[in-house]
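K.L.:
Take a look and give me a structure for this.
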Amino acid sequence: MNIDSIGWNHLRGIEPLSLCDWPGKATCVFFMGGCNLNCPTCHNFDMAWNMEKLPVLPKEDIKSFLRNRAQWLDGVTITGGEPTLVPNLGEILFEIRKASKLPIKMDSNGMTPETLEDLLQQGLVEQFAIDVKGPYVKYPALTGQAVTAETARKNLERVFDLATVNPGAFYFRITKVPILTDDDVETARGYLPDGFDLTIQKYIPPRREHAHADNEAGRPVGNMVD
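P.N.:
You can find the predicted model right below:
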């Protein structure tokens, strides 16, 4: 199996139309499997850690879907899991843009700032939605011990530097999970560069009895729709 196939094999879910994933735009949403965090409050745990439980969406079906639906969409949202971990991601995004002629917005936890910078410099992603989990000191608990406070600080400060230079390409959000206090949210808000705000997302408890995970907004991860 070549690296191109490996990358496309991470594409395990689609929502054909969303009005809330990219503020002000109607987009389709592609879900990429795999994650570098182990957040205990994750809604998309199968997508993040057990993507083999979910069906692969064939590359040619994806491209056909985009060609047929692009005229009704304003953009494409790429989410996960953590999409920046996908092998050959740049080529995948290039092919998505080529098939759809649409701008791309990507969700990320911000822990791979070098990949975000590379995608931005290549012009493959128009906007990034970065999830700030909370105060740096709580990152170990918030990520299932996957990230230390110092690593979180170092990575997010690099992202904030990118946002300062490219203010239109980033926005930031936080999910008010149970271990976060109002003071924690304000601490996280204080990390952001001047001119940015922190969107607070409502926490919905995971429903782990379901065979297929829901995404962060509690919506089902669907299969390909013609």
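
K.L.:
who's in contact with G110?
P.N.:
Listed by Cβ atoms under 8 Å, 6 or more residues apart in numbering, the contact set of G110 reads L116, I130, D131, V132, N155, L156, V159. All C-beta spots, glycine's among them, are computed from the backbone N, C-alpha and C.

K.L.:
isn't there a helix covering it?
P.N.:
No: in this structure, G110 is coil, not part of a helix, as judged by DSSP: H, G, I helix; E, B strand; the rest coil.

K.L.:
and the gap between it and E91?
P.N.:
According to Cβ to Cβ, to the nearest Å, G110 stands 23 Å off from E91.

K.L.:
same question, N166
P.N.:
As judged by Cβ to Cβ, N166 and E91 stand 22 Å apart.

K.L.:
Over to I204?
P.N.:
Separation of I204 from E91 (Cβ to Cβ): 34 Å.

K.L.:
can you check G33 too?
P.N.:
17 Å.

K.L.:
quick check, distance from the lengthiest helix in the chain to the centre of its chain.
P.N.:
The helix of greatest length in the chain, counted in residues with DSSP state H as the criterion, is given as helix 149-165. Remark: helix 149-165 is offset 17 Å from the chain centroid, using Cα atoms, centre = their mean, to the nearest Å.

K.L.:
Check which helices and strands that helix sits against.
P.N.:
Identification of packing neighbours for helix 149-165 by 3 or more Cβ pairs under 8 Å, 6 or more residues apart in numbering; DSSP states H and E yields helix 113-121, strand 127-131, helix 139-142, strand 170-175.

K.L.:
Could you give me the buried positions within the longest one?
P.N.:
Think helix 113-121. Within helix 113-121, the residues scored as buried using 16 or more other Cβ atoms under 10 Å are P113, T115, L116, E117, L119, L120.

K.L.:
how about a markdown table for the helices and strands packed on helix 149-165, with mean pLDDT added?
P.N.:
Rendered in a markdown table, the data for those read as follows (pLDDT from 0 to 100):
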| stretch | mean pLDDT |
| --- | --- |
| helix 113-121 | 97 |
| strand 127-131 | 98 |
| helix 139-142 | 98 |
| strand 170-175 | 97 |
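
K.L.:
before we move on, back to that, quick one: which of G33 and E91 has more around it?
P.N.:
When neighbours are counted by other Cβ atoms under 10 Å, G33 and E91 differ, and G33 comes out ahead with 26 against 14.

K.L.:
hang on, that one packs against V56?
P.N.:
No: assessed by Cβ atoms under 8 Å, G33 is found out of contact with V56, at 9.2 Å.

K.L.:
Overlap of the contact sets of the two?
P.N.:
Joint contacts of G33 and V56 (Cβ under 8 Å, 6+ apart) are L11, R12.

K.L.:
Determine the set of other helices and strands touching the longest strand seen in the chain.
P.N.:
Secondary structure of the chain per DSSP state E: the longest strand is strand 11-22. On a contact count with 3+ Cβ pairs under 8 Å, 6+ apart, strand 11-22 meets strand 25-32, helix 59-69, strand 75-79, strand 104-108.

K.L.:
Next, count neighbours for V177.
P.N.:
V177 has 19 neighbours, counted by other Cβ under 10 Å.

K.L.:
Same check on F196?
P.N.:
Summarising burial for F196: neighbours were counted as other Cβ under 10 Å, giving 16.

K.L.:
Same check on A26?
P.N.:
14.

K.L.:
Could you measure from it over to A149?
P.N.:
Here the criterion is Cβ to Cβ. By it, A26 lies 38 Å from A149.

K.L.:
likewise T79?
P.N.:
Where A149 is concerned, T79 sits at a distance of 25 Å (Cβ to Cβ).
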